[in-house]
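J.: Have a look at this fold, sequence not included:
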């Protein structure tokens, strides 16, 4: 029978353009958000994070925007380079239902970014 | 180099085999995690260990058995796996009480034949 799987969202940009990758998160109690980059054959690498008391944070060539009202997170990459080609994941972190110190990091399905030279 | 090392990088095993995946972190973290990454699926959290105690088990089949002998080492013991268990298995660690990012290893690419 036919197998049904998630189709990974894709974004294709020209080298030098700016890229914007979007993510909708699920839990309004999440208080910490992370963007990871995963290149082929490697594990996810931390790019940038943001806490829920902020709505914007900038790093080197990257900016993360957080809109808690609509539970939306975005990653902006300035002057995209071929080396930026990868799958980008957002992740949300929140304490379990019983509180305490146990955080649970949950990932979105990822976006494949392809940079054309 | 993220400070989290996984071995082996690649593993092919038959359905009747027993094998183990190993993870070691050199970051002084107090929490370690196993994730499964299948094609076209989000990263799935399998197990969480905090201070060497298992605090999360996301309905993972018993053919996967984790072990955390100390805060630096994490194992995933595999027994009588199915072909659909073929995936990239990722280990991560974090300093849980600080609510900071998790650091990932390079993963073990597992193929069950």
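T.: That came through fine. Predicted model only: the values in this text are computed from it and were never measured.
J.: Now residue B:31. Nearest residue, chain neighbours left out?
T.: Counting by C-beta to C-beta, 6 or more residues apart in numbering or on different chains, residue B:31 lies nearest to residue B:96, which is 3.9 Å off, once chain neighbours are set aside. Any C-beta I mention is one placed from the backbone N, CA and C, and that applies to glycine too.
J.: got it, and residue B:24?
T.: Excluding its sequence neighbours, the residue lying closest to residue B:24 (C-beta to C-beta, 6+ apart) is residue B:5, at 5.0 Å.
J.: So the one you found is in contact with residue B:23, correct?
T.: Yes: with contact defined as C-beta atoms under 8 Å, residue B:5 reaches residue B:23; the gap is 7.2 Å.
J.: shared neighbours of those two, anything?
T.: Residues touching both residue B:5 and residue B:23 (C-beta atoms under 8 Å, 6 or more residues apart in numbering or on different chains): residue B:105.
J.: The two - which one has more neighbours?
T.: residue B:23 (27 against 14; other C-beta atoms under 10 Å in any protein chain shown).
J.: Walking through chain A, point out its strands one by one.
T.: A:10-14, A:19-24, A:32-38, A:45-51, A:56-58, A:62-67, A:72-77, A:86-95, A:103-107, A:111-116 (DSSP state E).
J.: which bits of chain B sit near chain A?
T.: Contact residues (C-beta under 8 Å from any C-beta of the partner chain) of chain B with chain A: B:2, B:4, B:6, B:33, B:39-43, B:45, B:48, B:50, B:55-56, B:90, B:92, B:94, B:96-97, B:99-107.
J.: Buried ones among these?
T.: Buried by 16 or more other C-beta atoms under 10 Å in any protein chain shown: B:2, B:4, B:6, B:33, B:42-43, B:45, B:48, B:50, B:55-56, B:90, B:92, B:94, B:96, B:99-107, out of those.
J.: Would you mind listing the buried residues in stretch A:106-117?
T.: Neighbour-count burial for stretch A:106-117 [16+ other C-beta under 10 Å]: A:106, A:107, A:108, A:109, A:110, A:111, A:113, A:115.
J.: The first one and residue B:43: what is the separation?
T.: Going back to what we said before, that points to residue A:106. 9 Å (C-beta to C-beta, to the nearest Å).
J.: Next: the last one.
T.: Distance, residue A:115 to residue B:43, by C-beta to C-beta: 23 Å.
J.: got it, and the second one?
T.: Residue A:107 sits 4 Å away from residue B:43, taking C-beta to C-beta as the criterion.
J.: Give the residues shared as contacts by those two.
T.: Residues within reach of residue A:107 and of residue B:43 at once, by C-beta under 8 Å, 6+ apart, are residue A:89.
J.: Adding mean pLDDT, write the strands of chain A out as a markdown table.
T.: Below are the strands of chain A laid out as a markdown table (pLDDT from 0 to 100):
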| stretch | mean pLDDT |
| --- | --- |
| strand A:10-14 | 95 |
| strand A:19-24 | 95 |
| strand A:32-38 | 94 |
| strand A:45-51 | 95 |
| strand A:56-58 | 97 |
| strand A:62-67 | 97 |
| strand A:72-77 | 96 |
| strand A:86-95 | 88 |
| strand A:103-107 | 77 |
| strand A:111-116 | 95 |
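J.: With respect to residue B:111, which of the ones you listed lies nearest?
T.: Among these, strand A:32-38 comes nearest to residue B:111, with 19.4 Å by C-beta to C-beta.
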